[in-house]
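J.: What follows is a predicted protein model with its sequence.
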Amino acid sequence: MADEFALKRWEAHGYQADPASLGESGSWTQLNERDLTEVDQPTLPDGFRFRSADEAGPEAAVRAHVDAWAPSTYTAEGYEGVRRTATYRGDLHILVEAPDGTMAASTIMWLDEANLTAEFEPVGTHPGYRRLGLGTAMLRHGMQLARDAGATGMTVACYGAPGRQEARGLYYAAGFRPFTRDAPLIKPAV
């Protein structure tokens, strides 16, 4: 993995991976990457459509987040803070609207123009709309937008522990592969 050098440096300073975070349902994260040379066409079920947060508005963006991660403490004020972030772009904040007007899925893409990459964070789907292919279509649509904005590579993080595979299949289906991992570190008392 790409993080071996960094882990050796931390170990030299007395840090080690927190054993509690490494188990079957541990809390370590896995960073996944892919290039944007070839991106499959996104396909949504009939009646669904892509929207940007700029188009749909703040209320829809907040609702999509809250619905995907319920229970959530996310609010309009919290979203306003996100919107004030220097690298936030409402045109790269993607929503999938269901035929009934529900915002069924959402993701924010963070474009890094200096490194020609973009990151999906967060990615979520309303529980009532999961397993319909919305997540894969949204990621493919996002990758096309990121490529059009100048990115050549894309990243997304997820839990990496064996027992926490919820998002990994989605990301692998969209062409992502593991790149590095991030386990919580502790410095034991001597």
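T.: All right, it came through fine.
J.: May I have the longest helix anywhere in the chain as PDB, with CA atoms only?
T.: Across the chain, the longest stretch assigned as helix under DSSP state H is helix 134-148. Written as PDB, here are the backbone C-alpha positions of helix 134-148 (Å, rounded to 0.1, in the frame of the first residue of the first chain):
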ATOM      1  CA  LEU A 134     -28.600   5.600  -8.600                       C
ATOM      2  CA  GLY A 135     -25.200   5.600  -6.800                       C
ATOM      3  CA  THR A 136     -23.300   4.200  -9.700                       C
ATOM      4  CA  ALA A 137     -25.000   6.500 -12.200                       C
ATOM      5  CA  MET A 138     -24.400   9.500  -9.900                       C
ATOM      6  CA  LEU A 139     -20.700   8.600  -9.600                       C
ATOM      7  CA  ARG A 140     -20.300   8.200 -13.400                       C
ATOM      8  CA  HIS A 141     -22.100  11.500 -14.000                       C
ATOM      9  CA  GLY A 142     -19.800  13.100 -11.400                       C
ATOM     10  CA  MET A 143     -16.700  11.700 -13.000                       C
ATOM     11  CA  GLN A 144     -17.700  13.100 -16.400                       C
ATOM     12  CA  LEU A 145     -18.300  16.500 -14.800                       C
ATOM     13  CA  ALA A 146     -14.900  16.300 -13.000                       C
ATOM     14  CA  ARG A 147     -13.100  15.400 -16.200                       C
ATOM     15  CA  ASP A 148     -14.900  18.300 -18.000                       C
END
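J.: Quick one: list the elements packing against that helix.
T.: Judged by 3 or more Cβ pairs under 8 Å, 6 or more residues apart in numbering; DSSP states H and E, helix 134-148 is in contact with strand 93-97, strand 103-112, strand 117-125, strand 153-159, helix 168-173. (Each C-beta comes from the backbone N, C-alpha and C, glycine too.)
J.: In it, which residues are buried?
T.: Neighbour counts using 16 or more other Cβ atoms under 10 Å place 134-143, 145-147 of helix 134-148 among the buried residues.
J.: coming back round to it: tabulate the helices and strands packed on helix 134-148 in CSV, adding columns for mean pLDDT and distance to residue 75.
T.: What follows is the helices and strands packed on helix 134-148, written out as CSV (pLDDT from 0 to 100; distance: least, Cβ to Cβ, whole Å):
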stretch, mean pLDDT, distance to residue 75
strand 93-97, 98, 16
strand 103-112, 98, 15
strand 117-125, 97, 15
strand 153-159, 94, 24
helix 168-173, 94, 27
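J.: export those to a markdown table and tack on mean neighbour count and distance to residue 57?
T.: Formatted as a markdown table, the helices and strands packed on helix 134-148 follow (neighbours: other Cβ atoms under 10 Å; distance: least, Cβ to Cβ, whole Å):
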| stretch | mean neighbour count | distance to residue 57 |
| --- | --- | --- |
| strand 93-97 | 24 | 10 |
| strand 103-112 | 23 | 10 |
| strand 117-125 | 20 | 18 |
| strand 153-159 | 21 | 25 |
| helix 168-173 | 17 | 26 |
